[in-house]
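Structure for this input, please:
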Amino acid sequence: MAEKRTKLYHHLKKWLEKAILDYGMIGEGDRVLVGVSGGADSLVLMDLLASPMVFTPFFEVLAVHIDLGFPGSGEDGDALAAHLTGERHAWVMDRTDYGPVAHSEANRKNPCFLCSRLRRRRIFEIADERACNKIAFAHHRDDIIETLLINMFYGREISTMMPRQPLFGGKLDIIRPLAYLPEAPIKKYAVERGFPVMENRCPTGKTSRRAYIKNLLHTLEKENRQIRHNLWTAMGHVKPDYLPVKGR
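Residues are numbered from 1 along each chain as shown. Predicted coordinates:
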């Protein structure tokens, strides 16, 4: 653990634990399934959750990787398995063909939706098989901001991802312990720790709606560096009386 005790490590741990405490994400004896895609965000989340906590009670963590079946993903999965084993994490790897199926000729209109749906369903199944009552995803503050804009631009609603989302009558919770943290320090910590970050092999990864919104925000930040901060703050300053709600 000595190599983790850097200033950046303590910064990330502080805000991770604050999010966990603020939203009651984890309780004594919980079994937490951590969705590990192999990207920097998920590797950092797994590392932080598996390291000693100051204010959070004892719980267990299980890394779960869903191999989507894109060309080259098998080799990536082998490297990830070696990393998780070396870090002494408990892990499960599920090999699937979800990626090619979602991008097939029969589903060219919206491959991201089907791929995400199939992947999430399988994660729910593994959580049930392994008696996990919490599922932790590595969505950070920038992801939450981007989802707000995606839902407004394409879904015609004002909504985003919640830091904690109860499902199935409270039997299972989706939690996002990185919710308070922006993307930049997370990526920096992954480099600091030398994590084997996997390449995103999705053929539509660079042309997705999320990629478009991310690029749009980067462009807007050139004029106003507070854009992301302002959007994050605005979610806590909603004024329903100044929204043109239908029927009012």
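
elements contacting the lowest-mean-pLDDT helix or strand in the chain?
Across the helices and strands of the chain, mean confidence by mean pLDDT, DSSP states H and E is lowest for helix 98-102: a mean of 87. Other elements packing on helix 98-102 under the criterion 3 or more CB pairs under 8 Å, 6 or more residues apart in numbering; DSSP states H and E are helix 111-129. C-beta coordinates here come from the backbone N, C-alpha and C atoms, glycine included.

helices or strands next to the helix it packs on in the packing?
Contacting helix 111-129 under the criterion 3+ CB pairs under 8 Å, 6+ apart are the following elements: strand 31-35, strand 60-67, strand 91-95, helix 98-102, strand 134-136.

Tell me how far that helix lies from the chain's centre.
Relative to its chain's centre, helix 111-129 lies at 14 Å (CA atoms, centre = their mean, to the nearest Å).

could we number from 77 for the rest of this?
Okay, residue one is now 77; in that scheme the one you just asked about reads as helix 187-205.

okay, the angle between it and strand 107-111?
Computed by axes from the mean of the first three to the mean of the last three CA atoms, to 10 degrees, the angle separating helix 187-205 from strand 107-111 equals 160 degrees.

Just the C-alpha atoms of helix 187-205, please, in PDB.
Only the C-alpha atoms of helix 187-205 are listed here, as PDB (Å, rounded to 0.1, in the frame of the first residue of the first chain):
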ATOM      1  CA  PRO A 187     -26.000  -0.200 -31.100                       C
ATOM      2  CA  CYS A 188     -25.100   1.600 -27.800                       C
ATOM      3  CA  PHE A 189     -28.500   1.100 -26.300                       C
ATOM      4  CA  LEU A 190     -28.600  -2.700 -27.000                       C
ATOM      5  CA  CYS A 191     -25.000  -3.300 -25.900                       C
ATOM      6  CA  SER A 192     -25.500  -1.400 -22.700                       C
ATOM      7  CA  ARG A 193     -28.800  -3.200 -22.000                       C
ATOM      8  CA  LEU A 194     -27.300  -6.700 -22.500                       C
ATOM      9  CA  ARG A 195     -24.200  -5.800 -20.500                       C
ATOM     10  CA  ARG A 196     -26.200  -4.500 -17.600                       C
ATOM     11  CA  ARG A 197     -28.600  -7.400 -17.600                       C
ATOM     12  CA  ARG A 198     -25.600  -9.800 -17.300                       C
ATOM     13  CA  ILE A 199     -24.200  -7.800 -14.400                       C
ATOM     14  CA  PHE A 200     -27.500  -8.000 -12.600                       C
ATOM     15  CA  GLU A 201     -27.400 -11.800 -13.100                       C
ATOM     16  CA  ILE A 202     -23.900 -12.100 -11.800                       C
ATOM     17  CA  ALA A 203     -24.800  -9.900  -8.800                       C
ATOM     18  CA  ASP A 204     -27.600 -12.300  -8.000                       C
ATOM     19  CA  GLU A 205     -25.400 -15.400  -8.500                       C
END
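
got the angle between that helix and strand 136-143?
Using the same axes, to 10 degrees: helix 187-205 against strand 136-143 is 140 degrees.

what does helix 187-205 contact?
Residues from elsewhere that reach helix 187-205, judged by CB atoms under 8 Å, 6 or more residues apart in numbering: 109, 111, 140, 142, 144, 168, 170, 172, 174-175, 177-179, 183, 208-209, 211, 248, 278, 280, 284-285.

Now restrict those residues to buried residues only.
Buried by 16 or more other CB atoms under 10 Å: 109, 111, 140, 142, 144, 168, 170, 172, 174-175, 177-179, 208-209, 211, 248, 278, 285, out of those.

now the helices for the chain?
Listed in chain order, the helices of the chain (DSSP state H) span residues 83-98, 116-126, 149-162, 174-178, 187-205, 217-230, 259-269, 285-297, 303-310.
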